[in-house]
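*Asks:* Sequence and predicted structure are below.
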Amino acid sequence: MSHINTRPLVDVSEDLLMMHTREIAKWIRLSGSEDEAKSLEYVKKTLNEYGYDVREYHFESFVGYPEAGEVTVLGAGGKKFTGSVPALSTSSRPRGITARLLYVGKGDNYKKIDVKGKVALIDGLSNPRLAKLAEDHGAVGQIFVNDDHVHEGIISVIWGTPTPETAPLLHKTPCMNITASEGEYLVRLLKKRPVKVKLKTKAWRGWKKIPVVTAELKGKEGDFVLFSGHIDSWYHGAMDNGTANATMLEVARVMASHRELLRRGLRLAFWSGHSHGRYAGSAWYADNFWEDLYEHCVAHVNVDSVGGKGATILSEGYVMSETKNFVSSIVEKVSGQKLVGRRFSRAGDQSFWGLGIPAMLMSLSEQPPSGSKTASFVFSPHSGGLGWWWHTREDTVDKIDPAFLVRDAKIYTLIISELCSSPLLPFDYSATVSEMEQRLTELQTQSRNLFDLTPLIKRAESLKELTAKLNSQTEVLRKGVELWTSTDSAIASANETIKLLGRLLVPINYSKVGPFDQDLAIPIPSIPILDPIKQLPQLKATSDEYRFLQTRLRRESNKVSYAFLQAEKSITRLLKELGA
């Protein structure tokens, strides 16, 4: 970017950040609980003082809370372990279930493992995809082996409140987490003899009224930037998500003091239902404010678990291809580190991909790689995750480094400031099309040319050239703003085209189900609607399944072609209007 206004950074206050964190971390904020409501009262009071239009919504959502988990080794000298039960799991029978225990390692391959009728012992944090996989192969229960600490989590693959189509995916078998030392004991025992266990779990799940609080500061134009983070927590949740909520409040204060800079408005959203309803709050908001978001939201910035002690790694943040260069420029300016960036996983209240809203970040700062089992919740092989205290009762204010919290808050402040004030939206869709072109080429190879993607690859190549021309023209407009030669109408047309490119390309790149539904909480590759193409080589060309899949792929490829075609038309119209 040619110019970044760093003036708002001098206003970021360590004292206020830590004060907000302490106030919010007073409460154990289960979704829909009285303590969560108390923390939101503090948030609302603060934002009202800053001059924001604060609104609160309450709605019924399907959530779950863990209560108790216990596994007993049966037989002479058997031990009993207690552990955590993931949210939205189910309770066992009151007396528990008794079955043989089977160690399945990572739990992702049952081709040579018969887990039917057994309790699966799985390495790692409780994982909804792996739990569902074990359940689908007949496991009657799952025990996940964590690290030195047991970490709370959620076991549903359903994003937000279930629908009639997704409700059958709710977890049906008891599940719990134990520590690494307990898991190692069970593995050693299994090497000596067959082991029977009694698995007993208790969990609550059902309907609960939960809140979403939004706060808005209007800009000169009708569009807005959505800046969000969840308010609910496990235990006191000082890092996850107290520091993020504190960062939101501090960014809100700073932007209110520089409101003259705002071309676009700033809308903050504090979600409930993140930890106990699989992003129920943001999913509800996407459903109920669909038109407003589609018409006016230019970007979604998410903040989660910032400012942790030892969090020196800032290179691994989640970004879309179109947002990577922008976020990287901010991270480097504030911290000196270069953002490598990662493609988004299906996590972190990213409920707006189907609408075509470009997104950036969830967590920002992470621990350095250590190789230790205590490096819980590792996002990337290049980092050590969010700290051993993540999702435990040890996530308290003493785990926060005030200097790192200020650093992270400054990065978010500058991101929000630029998105709200920059005359032109700072997104690079040539990078997006390059990612999609590469993916199409990979899929063509994986299909062994049994489905022809050549027309789409050629169209992607053409679109890549056009987006490069668009980038050149927007750079001319940016320089024109500095020289007072760019017209308001030209800037408005360019922004509308950039926004439309997001509406067209983000859903194709990130969603199977499109703009009116939510994908499951499982990993999603680029252009997921064409991912089944990889199945073709495994099917007989004369089979019904092969021919059915060919029909489906033709229809899905038409969706991609349509998005590319409309993107081409929108850029061509803009370039003609600008005389380029």
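*Replies:* Yep, it's here. Numbering: from 1, shown residues only.
*Asks:* helices or strands next to the helix ranked longest in the chain in the packing?
*Replies:* Selection of the longest helix in the chain by residue count, based on DSSP state H, yields helix 544-578. Applying 3 or more C-beta pairs under 8 Å, 6 or more residues apart in numbering; DSSP states H and E, we find helix 544-578 packed against helix 454-483, helix 488-510. In short, each C-beta sits where N, CA and C put it, glycine included.
*Asks:* Return the list of strands paired to the helix or strand residue 209 falls within, each annotated with direction.
*Replies:* For residue 209, the element it lies in under DSSP states H and E is strand 196-217. As defined by DSSP bridges, the strand partners of strand 196-217 come to strand 53-73 (antiparallel), strand 97-103 (antiparallel), strand 265-271 (antiparallel).
*Asks:* Give me the below-cutoff pLDDT ranges for this protein.
*Replies:* 1-2, 76, 371-379 (pLDDT under 70).
*Asks:* domains in it, as residue ranges please.
*Replies:* Using automatic domain parsing, the domain parsing of the chain gives 64-205, 429-578.
*Asks:* Out of the helices and strands packed on helix 544-578, the one nearest residue 77 is which?
*Replies:* helix 488-510 (51.8 Å; C-beta to C-beta).
*Asks:* For the strands paired with strand 196-217, could you give me JSON lines that also reports distance to residue 201 and mean neighbour count?
*Replies:* Shown next, in JSON lines, are those (distance: least, C-beta to C-beta, whole Å; neighbours: other C-beta atoms under 10 Å):
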{"stretch": "strand 53-73", "distance to residue 201": "5", "mean neighbour count": "19"}
{"stretch": "strand 97-103", "distance to residue 201": "9", "mean neighbour count": "18"}
{"stretch": "strand 265-271", "distance to residue 201": "27", "mean neighbour count": "26"}
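*Asks:* could those be laid out in TSV, adding distance to residue 406?
*Replies:* Converted to TSV, the strands paired with strand 196-217 look like this (distance: least, C-beta to C-beta, whole Å):
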stretch	distance to residue 406
strand 53-73	25
strand 97-103	45
strand 265-271	19
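*Asks:* Verify the stated contact: residue 179 with residue 151.
*Replies:* No. Counting by C-beta atoms under 8 Å, residue 179 stays clear of residue 151, with 9.9 Å between them.
*Asks:* the strands in the stretch 251-400 of the chain, which residues?
*Replies:* With DSSP state E, counting those that start in this stretch, the ranges of strands along the stretch 251-400 of the chain come out as 265-271, 297-302, 359-360.
*Asks:* Tell me which of those strands sits nearest to residue 501.
*Replies:* It's strand 297-302; of the strands of the stretch 251-400 of the chain, that one is closest to residue 501 (C-beta to C-beta) at 11.6 Å.
*Asks:* Out of the helices and strands packed on helix 544-578, which is the most enclosed?
*Replies:* Highest mean neighbour count of the helices and strands packed on helix 544-578: helix 488-510, a mean of 20 (counted as mean count of other C-beta atoms under 10 Å).
*Asks:* what packs against that helix?
*Replies:* Against helix 488-510 (3+ C-beta pairs under 8 Å, 6+ apart) you get helix 321-335, helix 429-446, helix 454-483, helix 544-578.
*Asks:* Show me how far it is from its chain's centre.
*Replies:* 22 Å (C-alpha atoms, centre = their mean, to the nearest Å).
*Asks:* Give me the angle between that helix and helix 429-446.
*Replies:* Orientation check (axes from the mean of the first three to the mean of the last three C-alpha atoms, to 10 degrees): helix 488-510 against helix 429-446 gives 20 degrees.
*Asks:* ok and helix 488-510 relative to helix 454-483, angle-wise?
*Replies:* 150 degrees.
*Asks:* Could you export helix 488-510 as CSV, CA atoms only?
*Replies:* Taking Å, rounded to 0.1, in the frame of the first residue of the first chain, the C-alpha atoms of helix 488-510 are listed here in CSV:
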residue,chain,number,x,y,z
ASP,A,488,-15.5,10.4,-6.4
SER,A,489,-17.5,8.5,-9.0
ALA,A,490,-14.5,6.7,-10.3
ILE,A,491,-13.5,5.6,-6.7
ALA,A,492,-17.1,4.5,-6.0
SER,A,493,-17.3,2.5,-9.2
ALA,A,494,-14.0,0.8,-8.4
ASN,A,495,-15.1,-0.1,-4.9
GLU,A,496,-18.4,-1.5,-6.1
THR,A,497,-16.5,-3.7,-8.6
ILE,A,498,-14.0,-4.9,-5.9
LYS,A,499,-17.0,-5.7,-3.6
LEU,A,500,-18.7,-7.6,-6.4
LEU,A,501,-15.6,-9.7,-7.1
GLY,A,502,-15.8,-10.8,-3.5
ARG,A,503,-19.5,-11.7,-3.8
LEU,A,504,-18.7,-13.8,-6.9
LEU,A,505,-15.4,-15.5,-6.0
VAL,A,506,-15.3,-16.0,-2.2
PRO,A,507,-18.3,-18.4,-2.2
ILE,A,508,-16.8,-20.4,-5.1
ASN,A,509,-13.5,-20.6,-3.4
TYR,A,510,-14.7,-21.3,0.2
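*Asks:* Isn't residue 102 up against residue 119?
*Replies:* Yes. The pair residue 102 / residue 119 is scored as a contact, 7.0 Å apart, by C-beta under 8 Å.
*Asks:* hmm, back to that, what angle separates the longest helix of the chain from helix 429-446?
*Replies:* 160 degrees.
*Asks:* Could you list the buried residues of helix 544-578?
*Replies:* 549, 553, 556-557, 560, 563-564, 567-568, 570-571, 574-575, 578 (16 or more other C-beta atoms under 10 Å).
*Asks:* swap in stretch 162-171?
*Replies:* 162, 166, 170, 171.
*Asks:* Contacts for it next, please.
*Replies:* Applying C-beta atoms under 8 Å, 6 or more residues apart in numbering, the contact partners of stretch 162-171 are 62, 88-90, 128, 131-132, 135, 155-158, 517, 520.
*Asks:* Nearest spatial neighbour of residue 65, chain-adjacent residues omitted?
*Replies:* Closest residue in space to residue 65, ignoring its immediate chain neighbours: residue 204 at 5.0 Å, by C-beta to C-beta, 6 or more residues apart in numbering.
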